[in-house]
Structure formats: structure tokens, C-alpha cells
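Q: Provided below are the primary sequence and the corresponding predicted coordinates.
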Amino acid sequence: MASLITVSTCSLNQWALDFEGNFQRIRASIIQAKEHGASLRIGPELEISGYGCNDHFFEADTYTHSIEVLAKLLEDPELSDIIVDVGMPVTHKSVHYNCRVVFHNKRILLIRPKLFLAMGGNYREGRWFTPWQKTRVTEDHYLPDLLKSVTNQTCVPFGDGVVATQDTCIGCETCEELFTPNAPHIHMGLDGVEIFTNGSGSHHELRKLHTRIDLIRSATRKVGGIYLYANQQGNDGERVYYDGGAFIAVNGEVVAQGSQFSLRDVEVVTATVDLDEVRSFRGGILSLAHQASQARAYPRADLELSLLSPLSASSSKVSTPQAIKVFSPEEEIALGPACWLWDYLRRSGLGGFFLPLSGGIDSSSTASIVCSMCHLVVDAVAKGQSRVLEDVRRLVNDPEYTPTCPKELASRLFTTAYMGTTNSSAETRNRAKTLAAEIGAYHYDIDIDIVVDALVKLFETVTGKVPQFRAHGGSNTENLARQNIQARLRMVIAYMFAALTPWVRGLKTRSLLVLGSANVDEALRGYLTKYDCSSADLNPIGGISKGDLRRFILYAGKRYKLPSLAEIQAAPPTAELEPITEDYTQADEDDMGMTYAELANYGRLRKVDKCGPVSMFYKLTGIWGETLTYKEIADKVKFFFRMYSINRHKTTVLTPSYHAENYSPDDNRFDLRPFLYNVSWTWQFRRLDAEVARMTT
């Protein structure tokens with residue numbers, strides 16, 4: 001006879017400090033899990049408060065309100081007769097912990113604090129929480145009066161324990177613990193835990209899902225068991241996007257997978273699994289049995305309850321291994337930033353987006369992502385997702401509106417503007433106009449020379465001097481200033497049109513969010529003007545490389561029927577800030593003194609491989625050594641570090657960007673470095689020169 005158990009995990013679009021909304025989404029997920037016949041439901045990390053509260057975790061109110069939400073969940077009669085595992089911050093003996101709280105029928109079974117905190121990349125959990133370091137130890141946690149009144153419990157187990165039912169044993173992990181070398185699930189599995197839960201707050205990065213899936217599968221491939229992985233989904237109020245992807249795995253095989261990119265606020269993933277398969281798997285590995293016989297025991301919180309499904313007599317309902325869906329990087333770029341933008345738009349309550357559209361790859365990529373967002377919204381409405389329809393109607397201020405065409409929806413939510421000068425070409429102007437029409441955006445074709453000339457005239461009136469372009473005999477200083485005038489005025493004009501366009505069109509909506517379009521490589525090099533069109537409210541491509549964007553717009557052109565993107569992709573990138581002459585046309589790679597491919601190499605070596613100038617040189621000799629001399633490689637490294645350090649100050653004011661790349665120079669949290677350098681790098685470059693001399697001889 002099979003020992004079947006039905007379990008549910010979920011992805012929730014929680015929002016930092018939105019306790020009311022978070023409660024409703026948690027409640028809905030538990031009810032859906034019960035409707036699926038589940039006897040166990042788990043949710044994302046810190047789902048009650050929201051993961052991205054950051055320094056609000058220092059505030060007593062955050063813990064008080066989390067307790068209030070927990071009390072509402074405990075006392076809700078519709079949430080009974082199912083084991084629930086929720087994530088929330090808890091204070092124990094005046095110390096703050098990131099915890100899992102496991103409860104059943106108004107009884108708290110266990111509060112399990114996180115053992116290993118996430119502290120790399122965008123994560124700073126150690127700033128707010130303390131890791132629990134007493135392995136396999138639980139203590140009495142005295143409940144506050146509100147929880148006492150609901151549970152009739154005075155104290156509950158707090159610490160590194162597990163929950164034992166009549167027929168199985170459940171152990172908790174939290175996010176980072178899955179990624180650690182000495183993961184808790186190994187030790188719990190050796191002590192007889194058969195069901196592992198992992199409430200996670202794992203954000204999206206391009207090509208990251210493979211790593212997550214491999215870890216989830218390997219978690220039970222060695223030690224056996226059932227692994228439930230829950231994840232946050234959506235824009236929690238920060239630069240990252242949590243990409244859902246809830247999983248259930250059995251003995252190393254995925255038997256249920258949730259969506260990675262979705263506009264749903266609540267998605268529940270359920271599977272029926274056979275405990276006997278776990279026991280049989282473990283029984284067939286003798287080395288596992290030998291280690292298990294020596295394993296230290298975990299404290300157990302006992303629950304007199306059987307989790308077995310009434311269908312245990314039949315194995316016909318057992319969930320079987322399935323193919324895993326993994327998106328290509330181009331699909332990830334189309335979907336992740338689009339979902340991130342939608343969450344920001346609907347939660348901000350503003351009237352749509354405004355984009356300075358230059359006709360180049362970067363701004364066209366941003367426009368394509370907004371186009372993708374419109375497709376996702378229309379698809380969600382067609383599938384009956386009522387919350388998405390409510391949000392659309394609220395944004396357009398029309399209670400009767402139902403979007404049926406992405407192009408028509410774009411005409412309401414998306415405004416673009418080509419801001420040309422005498423330095424702009426007819427080709428880029430036409431590309432911008434054509435792409436806007438293909439997407440359905442409301443488009444302005446603006447000549448801003450009158451504003452540029454007015455500013456130059458003001459400068460002449462005050463100083464008596466007129467700065468000239470290099471093509472007209474000006475110095476490098478004059479030439480750069482003339483370019484920056486155009487760039488910065490475009491930002492001012494963008495915000496003016498974003499504020500007033502709804503009024504101009506007679507729309508009863510709020511102002512528009514301004515979108516930026518600087519890519520991650522240009523931010524690393526500093527190839528942007530401070531407070532130009534790279535300065536905006538949001539930048540969906542700020543964490544994406546130029547190479548990935550080139551491939552993305554070819555995909556987007558086919559996927560969304562935007563034929564003009566092929567021409568845009570083929571055109572050489574240019575800022576068009578200098579006059580075009582017979583023998584000179586401005587080109588981005590010439591201006592930068594390096595190619596985008598080289599920049600991608602520098603970026604990964606600097607951030608991912610943690611290289612300074614000397615170690616970067618060594619690495620690049622292995623990559624470029626067959627085509628360049630040691631001196632040429634050293635000169636390229638020196639030039640990069642000079643340009644990077646000279647321009648690092650620009651990263652302090654980068655527009656909040658979608659985090660997608662692991663070599664992002666985002667100064668807010670991901671890449672913490674000085675913004676005032678000794679740009680001569682005297683010691684490092686002298687050492688580099690010595691290495692070149694040694695290697696050459």
C-alpha cells in the first residue's frame with residue numbers, strides 16, 4: 001500500500017510592509033492548498049512582513065505587526081486542518097531572527113530561526129538579523145499576550161528543531177541554507193526527516209535558474225526525501241525582481257514546477273507524493289544508512305496527526321517527474337523586467353510610462369520590454385485574472401475598460417518621444433517613429449534645438465564666450481560641454497512631458513513614470529552623462545549587457561511582430577551628440593575607446609572574479625594572448641581602470657535598475673566601492689609594467 005501525502009508550496013507577490021495585502025495573499029494560498037487536498041503548505045521567506053523591509057527590520061512596529069498578522073492566520077477557522085509554514089521576523093530574548101513559524105489548528109508547533117544568513121550580492125540579512133548558532137538545540141520562546149490569547153500556549157519551541165507527525169517528519173530550511181556547502185537538509189535527512197521545506201526570497205538574475213534547480217534536485221538526490229521550495233514573486237519595492245518558480249522534488253526529480261514570471265499575486269503548486277518512495281530510496285543506499293545510524297538527533301515537536309491522503313490505497317494519483325521549463329536569456333529579458341515594471345506601475349498608481357526613444361538599441365530594448373508588459377497584461381486578463389483587470393481599470397481610470405489588444409493598451413499606458421537636434425539623423429528619427437507605431441505608443445517627434453540654442457545664448461550673455469563642437473574648431477572641453485547640454489536638456493524635457501502628457505491628451509490619469517535606457521556596460525565604463533536621459537524613475541535594462549540586448553531585440557522583433565527592430569539592431573550604436581561631417585560620424589565604441597565585448601570581459605573579471613588591475617591582466621593574457629601582445633593587453637587594462645575610476649561617481653546617482661547581471665556596478669547595494677579614486681593607480685600600474693617587462697623577456 002502506498003503512503004501518499006499531498007503537499008503544496010507557493011509563490012506570492014508580497015510587498016514590503018503591506019501587512020494587509022500580505023495577509024490576504026497568504027490566506028488565499030492556504031485556502032487554495034486546502035482545496036487541492038494538501039495537508040502541508042509552505043510560503044516564501046519573510047512573507048508576512050515582506051522580504052525587502054530592509055532597515056524597517058530595526059523597528060519594533062515591524063515585529064508587532066507581523067505578530068498581529070500571525071494571530072489573524074491562527075484564529076481564522078478557514079485555515080484549520082492543515083500544517084502551515086510561514087516566514088516572518090521574530091524577536092527572541094531581545095535578538096532579531098529571520099524565522100519559519102510552523103502551526104496547525106491554532107497551535108504553534110515550532111519557530112525555526114535561519115542558521116545561515118544571505119550576505120552576498122544584493123543581500124544584507126546580517127545587518128538586521130542574527131543567525132541561530134545552537135545547532136540541534138531548541139529553547140522555550142515565551143509568546144506575547146496576543147498570541148497567548150489565540151493559541152492558549154505560554155511558550156513554544158524556538159530553535160533548530162523539526163516537526164514529527166504520526167507518519168513522517170518535517171524539517172525547515174530558509175533560502176540561503178540550500179546554497180551552503182554544509183546544508184541543514186543533509187543532517188536532517190540523516191536523522192529521519194522526510195519532508196524538507198524551503199521558504200525563499202531569491203531574486204532573478206539572467207541564467208540563474210539552472211543553479212537553483214540543480215541545488216533543489218541535489219538536495220534530495222544524495223539523501224532522499226521530498227523538497228518543497230517556495231519563493232517570493234514580483235517587485236517587493238526594490239531593484240530586484242523575485243521570479244517565483246516554486247518547485248516540489250522527490251529523490252532528486254522535480255514533480256511539480258510553478259511559473260517563473262507571472263502577473264499572478266498568488267500561485268499554489270501542489271503534488272501528491274509517496275513516502276514509501278523516499279524510504280525505499282534511502283534503504284537502497286548503504287552508506288547513507290551507516291551515516292544515519294551515527295547522526296545526532298534533532299529536537300522534535302510532536303503533532304498527533306496523520307498526514308496521509310485518504311487516497312493512499314491507490315498510487316494512480318502520485319505526481320511523476322516532469323520536464324523542467326527554463327527560459328532562454330532573451331525570454332528572461334522579455335519577461336522579468338516586464339513583470340517588474342508592471343508591479344511598479346500598478347503599485348505606484350501613476351498613469352503609465354514615458355520613454356525618450358532615440359532609435360538606438362538601448363531605448364528600443366526598453367520600449368520592447370514595455371510592449372512585452374502589455375502582452376502579459378492582455379494575456380492575464382484573457383485568462384480571467386481579475387486582479388490584473390482591476391489594476392488596469394484603476395490605472396486608466398475607466399471602470400468599464402477591458403484590454404483585448406496589447407497595441408491598444410500601449411496607446412493608453414505608453415508615451416515615447418524622439419528629441420532630435422541638428423546632430424540627429426533622419427534614420428534614427430524614422431526608426432523611433434516606426435517602432436513607436438508598431439508598439440502602439442503615443443509618440444512625440446520633437447526638435448529641441450530651440451532649447452539648446454537658448455542655453456548656449458545664456459552662457460554667451462554671461463561669459464561672452466560661445467563653446468564650439470570639435471568639428472567646428474572647439475577644444476575637447478567645449479565639445480564635451482556642447483554634448484552634455486543636449487543630453488541633460490533631454491532629461492528635463494522628458495520629465496516635463498511625462499507630467500503633462502495625460503493633461504494634453506485629456507486623460508483622467510496621473511503623471512507618467514520616466515524610463516531610462518543605459519545598459520550595464522555603459523554604466524561600468526561611465527559612458528553616460530550625469531543627469532541626462534539615463535536619469536529617470538526606473539531603468540529596466542540597467543543590469544543587462546549590450547551583447548544580451550542585441551540578441552534580445554532580434555527575439556523581440558519576431559516574438560512581438562516589431563520588424564523595425566532588425567534595422568535598429570544592425571545599425572552601429574551612436575549618441576548623435578556631435579555634428580556629422582563628411583569624414584566623421586560619432587560612434588559609441590570609438591568614443592569609449594573599447595568595444596562592448598571587451599567591456600563585458602572587464603565587468604565580469606572586476607566583479608565576479610574579483611580582479612584588480614594586475615590579476616585582470618593575468619586573466620586576459622589567457623583570453624587575448626593569441627591576438628594581442630602583453631603590452632597591448634596591459635594598456636587596455638590600464639585604460640579601463642582609469643575610465644572606470646574617473647567615472648565611478650556616476651554610479652552613485654544611477655537610476656534604480658532591474659538587477660539582471662552579476663557584474664552590475666550598481667552602487668546602491670550590489671557593488672559597494674569608493675567613488676573617489678586615485679585614478680593614476682600608481683602602485684598597481686607600476687607592478688603591471690614590471691610584469692609586462694618580465695613576461696616579454
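A: In hand now; what should we look at?

Q: the most far-flung residue of the chain relative to its centre and S411, how far apart?
A: The C-alpha centroid of the chain is most remote from G464, which lies 50.6 Å away (Cα atoms, centre = their mean). Going from G464 to S411 by Cβ to Cβ, to the nearest Å gives 49 Å. All C-beta spots, glycine's among them, are computed from the backbone N, C-alpha and C.

Q: who are the packing partners of the helix or strand bottoming out on mean pLDDT in the chain?
A: Lowest on mean pLDDT, DSSP states H and E among the helices and strands of the chain sits helix 588-592, with a mean of 86. Of the remaining helices and strands, those touching helix 588-592 by 3 or more Cβ pairs under 8 Å, 6 or more residues apart in numbering; DSSP states H and E are helix 520-525.

Q: rerun that using 10 Å as the cut-off
A: Using 3 or more Cβ pairs under 10 Å, 6 or more residues apart in numbering; DSSP states H and E as the contact criterion, the elements in contact with helix 588-592 are helix 520-525, helix 596-603, helix 630-647.

Q: among those helices, which is nearest S657?
A: Nearest of those to S657, taken as Cβ to Cβ: helix 520-525 at 8.0 Å.

Q: beyond the closest one, next helix or strand please.
A: From helix 520-525 onward toward the C-terminus, using DSSP states H and E, the following helix or strand is helix 546-559.

Q: how long is stretch 220-240 from one end to the other?
A: With Cα to Cα, to the nearest Å as the measure, stretch 220-240 spans 29 Å from end to end.

Q: what average pLDDT does that stretch get?
A: Stretch 220-240 comes out with an average pLDDT of 95.

Q: from what I see, C169 and V162 are in contact.
A: Yes: C169 is in contact with V162 according to Cβ atoms under 10 Å; the separation is 5.7 Å.

Q: circling back: how far does the least confident helix or strand of the chain sit from the chain's center?
A: Computed by Cα atoms, centre = their mean, to the nearest Å, the separation of helix 588-592 from the middle of its chain amounts to 30 Å.

Q: surely E35 meets V268?
A: Yes: with contact defined as Cβ under 10 Å, E35 and V268 form a contacting pair (8.6 Å).

Q: overlap of the contact sets of the two?
A: Residues touching both E35 and V268 comprise S8, with contact defined as Cβ atoms under 10 Å, 6 or more residues apart in numbering.

Q: quick one, which of those two is more surrounded?
A: Between E35 and V268, counted using other Cβ atoms under 10 Å, the more crowded position is V268 (25 against 11).

Q: ok so the more buried one is a helix residue?
A: No: V268 is assigned strand when assessed by DSSP: H, G, I helix; E, B strand; the rest coil, not a helix.

Q: which strand residues bridge it?
A: With beta bridges defined as DSSP bridges, V268 has these partners: C10.

Q: residue contacts, it?
A: Neighbours of V268 in contact, by Cβ under 10 Å, 6+ apart: 8-12, 28-36, 38, 41, 43, 230, 246, 258.

Q: if any of the residues you listed are buried, put those into a PyMOL selection.
A: Taking 16 or more other Cβ atoms under 10 Å as the burial criterion, the selection of buried members of those in PyMOL is written as:
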select buried, resi 8+9+10+11+12+29+30+31+32+33+34+36+38+41+43+230+246+258
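
Q: quick one: which of the contacts of V268 sit in strands?
A: Residues of the contacts of V268 located in strands (DSSP state E): 8-12, 41, 230.

Q: so which of those comes closest to S293?
A: When these are compared for distance to S293, the smallest value, 31.2 Å, is given by T9; criterion: Cβ to Cβ.

Q: quick one: contacts for the closest one?
A: The contact partners of T9, by Cβ under 10 Å, 6+ apart, come to 29, 33, 38, 40-44, 85, 197-200, 227-231, 246-248, 256, 258, 267-271.

Q: and what of Y51?
A: Contacts here follow Cβ under 10 Å, 6+ apart; on that basis Y51 touches 14-16, 44-45, 87, 98, 123, 125, 175, 199-203, 232, 236-238, 240, 242.

Q: just these: which are in strands?
A: When DSSP E is applied, the contacts of Y51 are split such that 87, 98, 199-200, 232, 242 fall in strands.

Q: pLDDT score for the nearest residue to T629 once chain neighbours are set aside?
A: Counting by Cβ to Cβ, 6 or more residues apart in numbering, T629 lies nearest to T696, which is 7.8 Å off, once chain neighbours are set aside. At T696 the predicted local confidence, pLDDT, stands at 91.

Q: for T696, give its distance to V163.
A: T696 sits at a distance of 66 Å from V163 (criterion: Cβ to Cβ).

Q: who's more crowded, the two?
A: Set side by side, T696 and V163 show unequal neighbour counts under other Cβ under 10 Å, the larger going to V163 at 27 against 9.

Q: do I have it right that the more buried one meets F196?
A: No: taking contact to mean Cβ under 10 Å, the distance of 11.6 Å between V163 and F196 leaves them out of contact.

Q: overlap in contacts of those two?
A: Counting by Cβ under 10 Å, 6+ apart, the shared contacts of V163 and F196 are 170-172.

Q: mind putting these in a markdown table, pLDDT included?
A: Output for the shared contacts of V163 and F196, formatted as a markdown table (pLDDT from 0 to 100):
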| residue | pLDDT |
| --- | --- |
| I170 | 98 |
| G171 | 98 |
| C172 | 98 |
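
Q: show me the contacts for Q468.
A: Going by Cβ under 10 Å, 6+ apart, the list of residues near Q468 reads 456, 474-475, 478-479, 481-482.

Q: ok, these vs L110, which is closest?
A: Checking these against L110 by Cβ to Cβ gives A481 as the nearest, at 64.8 Å.

Q: give me the residues contacting the helix or strand where A693 lies.
A: Assigned by DSSP H and E, A693 belongs to helix 682-696. For helix 682-696, the surrounding residues in contact (Cβ under 10 Å, 6+ apart) are 612-618, 621, 625, 629-635, 637-638, 641-642, 678, 680-681.

Q: ok, stretch 582-597 next?
A: Taking Cβ under 10 Å, 6+ apart as the criterion, the residues outside stretch 582-597 that touch it are 360-362, 423, 425, 470-471, 483, 519, 521-522, 525-527, 545-547, 549-550, 572-580, 598-599, 601-602, 636, 639-640, 642-643.

Q: change it to 6 Å
A: Among residues not part of stretch 582-597, those counted as contacts by Cβ atoms under 6 Å, 6 or more residues apart in numbering are 521, 525, 527, 546, 572-575, 578.

Q: distance of the closest residue to L389 other than its chain neighbours from A498?
A: On the basis of Cβ to Cβ, 6+ apart, the spatially nearest residue to L389 that is not a chain neighbour turns out to be V381, at 5.0 Å. Spatial separation of V381 from A498 under the definition Cβ to Cβ is 26 Å.

Q: before we move on, what about E578?
A: Note on E578: its distance to A498, by Cβ to Cβ, is 27 Å.

Q: quick one, what contacts R112?
A: 100, 172.

Q: in the helix or strand harbouring it, what's buried?
A: Applying DSSP H and E as the criterion places R112 in strand 107-113. Residues of strand 107-113 classed as buried: 108-113 (neighbour count, 16+ other Cβ under 10 Å).

Q: just the buried ones from the contacts of Y51?
A: When burial is judged by neighbour count using 16+ other Cβ under 10 Å, the buried members of the contacts of Y51 are 14-16, 44-45, 87, 98, 123, 125, 175, 199-203, 232, 236-238, 240, 242.

Q: if we can go back for a sec, what residues are shared contacts of C169 and V162?
A: Contact with both C169 and V162 is made by residues V193, according to Cβ under 6 Å, 6+ apart.

Q: among those two, which residue is more densely surrounded?
A: Regarding C169 and V162, a neighbour count based on other Cβ under 10 Å identifies V162 as having more, with 27 against 18.

Q: how far away is the more buried one from N231?
A: For V162, the distance to N231 under the criterion Cβ to Cβ works out to 22 Å.
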